[in-house]
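Q: With the sequence up front, the predicted model follows.
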Amino acid sequence: MEHLTPRLVSWASILDDEAREQAARTARLPFVYPHVALMPDAHLGKGATVGSVIPTEGALIPAAVGVDIGCGMMAVLTPLTASDLPADRTAVREAIEAVVPVSAGGYNTAVTREHTRERLDELGALAEKAGFDPTSYAGRWELQLGTLGSGNHFIEISLDEQDRVWLFLHSGSRGVGNKIAQHHIAVAQKLCRQWWIELEDPDLAYLVQGTDEFWAYVRELRWAQEFARLNRAEMMDRVQACVAAWVGADELERVDEINCHHNYTAQEEHYGRKVWVSRKGAIAAHPGQRGLIPGSMGTASYVVTGKGFVPSLASSPHGAGREYSRTKARKTFTVDDLRAAMGDIEYRDSAAFVDEIPAAYKDIDRVMADADQLVEVQHTLRQIVNVKGD
């Protein structure tokens, strides 16, 4: 733990100057209490630093959650072990890609599964209760449920230290969540201009608690967070069915299950006061709370339990964290570099994934070493199948 300023605390042993200054700008906002906590995977983001935990009183910064509201991880432990798996891993990868739309523009063409309809009905009822129509943001939002997206989102089949099979995926609230976030970021910027509030960065524009705009954001934010959670659950159902068919089983039992956000806001108590905690690229790590920390494409992931370390605001990293921008990564690394990094992991061999190469990210082992105060590792997962959208 390092105090970078009186109101900025960091666990990142790898932190570039731009990210440090960006986080310091956030920490200087007068309504931040008690301090901003930077996680080991912290890196430059839009407005607020990715890998930051931002507690606020009486205000919320929409960009402190980001545009992928509710993005997070889900993992399921199956009763299978490595010896139960067929040798042909390409078949299961292609089966997953056939039932989970994986590209940025990929939609479900029909809603036929019973659980899909149940989840959509639940989201519709929640939106009505929240007083808004998701169609006003995305006309085809219902077709986004059960879709992965691109970038660093993924679906993996992994083995733990006992060779037990885990299903692991990463996604968020998709296009509808993005539109909700963009709308409220713009509203906050407009209001700050109207109030003649000078900001060091316009993306740190905020909404004041008690205003209609603040509560509209909270209601729609919570809806998008629930969309993201159900989106992961929907995809996991489909992935689990694919794996069951792959091994010749009618169905698979879920021995264990974890589903957690890492882009979200919640009300919590810290240092004796109730605050809004916005985690942008960080997971909650309250005492005994379980969470998921993935590495990058081709590296290990971790199932963890929180230590509730008070100065970290009971938080921990959400992954490896980028060292290279996507543009720089594409200029630096090649398809052959990616193939070498992936080794015998089954994945779709495509130049589109070069910017996701492990070398574009921080060393996950170092990130986890930095997080030693924050979490305890329960399981280390090594992937054998990787599915991504380009």
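A: Received the coordinates, thanks.

Q: any chance you could map the helices in this protein?
A: Remark: helices assigned in the chain by DSSP state H are 17-27, 89-99, 114-130, 174-194, 212-246, 326-332, 335-342, 364-370.

Q: Tell me the helices and strands packed up against the last one.
A: Right, helix 364-370. strand 36-43 (3 or more Cβ pairs under 8 Å, 6 or more residues apart in numbering; DSSP states H and E). In this view, the C-beta of every residue, glycine as well, is placed from N, C-alpha and C.

Q: Give me the packing partners of the strand it packs on, helices and strands only.
A: Contact partners of strand 36-43 among helices and strands, from 3+ Cβ pairs under 8 Å, 6+ apart: strand 8-10, helix 17-27, strand 50-56, strand 315-317, helix 364-370.

Q: Pick the most buried one from those.
A: Neighbour counts (mean count of other Cβ atoms under 10 Å) averaged over each of these peak at strand 315-317, with a mean of 32.

Q: what pLDDT, on average, does that one get?
A: Per-residue pLDDT over strand 315-317 has a mean of 97.

Q: How about stretch 192-210?
A: pLDDT averaged over stretch 192-210 gives 96.

Q: just to revisit the earlier point, Serialize the helices and strands packed on strand 36-43 to TSV and add fields for distance to residue 329.
A: Output for the helices and strands packed on strand 36-43, formatted as TSV (distance: least, Cβ to Cβ, whole Å):
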stretch	distance to residue 329
strand 8-10	24
helix 17-27	17
strand 50-56	16
strand 315-317	20
helix 364-370	16
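
Q: Against which helices or strands is the lengthiest strand in the chain packed?
A: Ranked by residue count, the top strand of the chain under DSSP state E comes out as strand 375-388. Packing partners of strand 375-388 (3+ Cβ pairs under 8 Å, 6+ apart): helix 89-99, strand 154-159, strand 164-171, strand 290-293, strand 301-306.

Q: can the ones you listed go into CSV with extra columns for mean pLDDT and distance to residue 57?
A: Formatted as CSV, those follow (pLDDT from 0 to 100; distance: least, Cβ to Cβ, whole Å):
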stretch, mean pLDDT, distance to residue 57
helix 89-99, 95, 44
strand 154-159, 97, 36
strand 164-171, 97, 31
strand 290-293, 97, 26
strand 301-306, 97, 23
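
Q: Throw these into JSON lines and include distance to residue 278 and mean neighbour count, thanks.
A: JSON lines is the format used below for the helices and strands packed on strand 375-388 (distance: least, Cβ to Cβ, whole Å; neighbours: other Cβ atoms under 10 Å):
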{"stretch": "helix 89-99", "distance to residue 278": "32", "mean neighbour count": "17"}
{"stretch": "strand 154-159", "distance to residue 278": "24", "mean neighbour count": "24"}
{"stretch": "strand 164-171", "distance to residue 278": "19", "mean neighbour count": "24"}
{"stretch": "strand 290-293", "distance to residue 278": "17", "mean neighbour count": "26"}
{"stretch": "strand 301-306", "distance to residue 278": "18", "mean neighbour count": "22"}
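
Q: Could you export these as a markdown table, including distance to residue 315?
A: Listed next are these as a markdown table, based on distance: least, Cβ to Cβ, whole Å:
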| stretch | distance to residue 315 |
| --- | --- |
| helix 89-99 | 31 |
| strand 154-159 | 22 |
| strand 164-171 | 18 |
| strand 290-293 | 10 |
| strand 301-306 | 8 |
